[in-house]
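1. show me the folded form of this:
(3 chains)
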Amino acid sequence: MGRQPCCDKVGLKRGPWTIEEDRKLMNFILENGIQCWRTIPKLAGLLRCGKSCRLRWINYLRPDLKRGMLSETEENQIIQLHAHFGNRWAKIASHFPGRTDNEIKNHWNTRIKKRLKLLGVDPVTHSPIEPKEKSEMITETTPDSTSPVPETRPETSDITDKKSEMNAGSDETMNLSSNYEGLLENLDVLLWMNQEANTSTSYSPSFSLEESLSNPLMGESSYIQEDTIQQWGQSVDSMLSWDDFNQLQEELYYFGYR
DNA sequence: AATCGTGACAACCGCCGTGGG
DNA sequence: TCCCACGGCGGTTGTCACGAT
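-> Okay, here's the model as predicted:
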């Protein structure tokens, strides 16, 4: 007999969160903090399971989240860290304040992985792909190829895809290519790795908010900082889809978080 | 204008580690 | 020591937007 589910899923809502649900969860956590995720949905008046609430908070509602595309620098750091930690996304994400493991994992799977393959670098081992494999990869892209459709189609158009206007498109890839060999020797990374080896807490650039939120011993007034809310508000403003939260910002002021 | 393919990312699922009883 | 509940994590799937045909 397997484990009991984390919650009784009967009658619980699934799928995308609505603005109203976000508002309820946000208000509840800001007022009460986080004690037990299992009880939060009930207390907050949500028909969601605790896990869903936790995920929504961590990946989307947390005030300290950094929004928007990952910069080239961040992308390079992800590659470096992945070479060291593998698919330990939470570990990697801990080096990027305001970024979530889910975000980094998605970015890796949808973009970085493909770019590395395109550059002839195995995204798993970070070692150069054998020339044979490389040629196969190129062959696979030819129209008359009878090989199965590869996971990625390393065409130039793929690099300079629809997002290219946000960066330099193929130039960015070229930069990545030229930089990659040096990445793993980057002194900063070595320092990180050394620090990781010496102590698990020595490198901790992450926002203090998350720690304080997860620490029920800390007083409520201590975990919502003025600059945190302002920072969050600024990030919210930058997101078109977040316009509906402007009112919520005002409510935060109402609750005294200013 | 309709359909299809693809990419991005939000959300879910199930396993694992941990701490308390 | 064992059992259980919980939070955390990584893999996977679902959904939506957008461009191509």
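
2. do stretch A:110-123 and DNA strand C meet?
-> No - on the criterion C-beta under 7 Å from any atom of the strand, stretch A:110-123 is out of touch with DNA strand C, staying 8.9 Å away. C-beta here means a position set from N, CA and C on the backbone, and glycine is covered the same way.

3. now the residue lying closest to residue A:126 once chain neighbours are set aside: which helix or strand?
-> Once flanking residues are discounted, residue A:126 sits nearest to residue A:83: 4.3 Å by C-beta to C-beta, 6 or more residues apart in numbering. For residue A:83, the element it lies in under DSSP states H and E is helix A:72-85.

4. hang on, the earlier thing: what's the local residue count around the residue nearest to residue A:126?
-> Here the number of neighbours of residue A:83 (other C-beta atoms under 10 Å) works out to 17.

5. pLDDT score assigned to it?
-> The model reports residue A:83 with a pLDDT of 89.

6. follow-up on the earlier one: other residues contacting the helix or strand that comes right after the helix holding residue A:83?
-> The helix or strand immediately downstream of helix A:72-85 is helix A:89-93, counting by DSSP H and E. For helix A:89-93, contacts defined as C-beta atoms under 8 Å, 6 or more residues apart in numbering pick out A:78, A:81, A:82, A:85, A:99, A:100, A:101, A:102, A:103, A:104, A:105, A:108.

7. would you confirm that the last one contacts residue A:83?
-> When you say that, I think you mean residue A:108. No - under the criterion of C-beta atoms under 8 Å, residue A:108 makes no contact with residue A:83, lying 11.9 Å away.

8. now for the helix holding residue A:83, which elements pack on it?
-> For helix A:72-85, the elements it packs on are helix A:89-93, helix A:101-107, helix A:170-183, helix A:187-198, judged by 3 or more C-beta pairs under 8 Å, 6 or more residues apart in numbering; DSSP states H and E.

9. put the alpha carbons of the first one into CSV.
-> By that I understand helix A:89-93. Taking C-alpha atoms only, helix A:89-93 is exported to CSV below (Å, rounded to 0.1, in the frame of the first residue of the first chain):
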residue,chain,number,x,y,z
TRP,A,89,18.2,22.6,-9.9
ALA,A,90,17.4,23.8,-6.4
LYS,A,91,21.2,23.9,-5.7
ILE,A,92,21.8,25.8,-8.8
ALA,A,93,18.9,28.2,-8.2
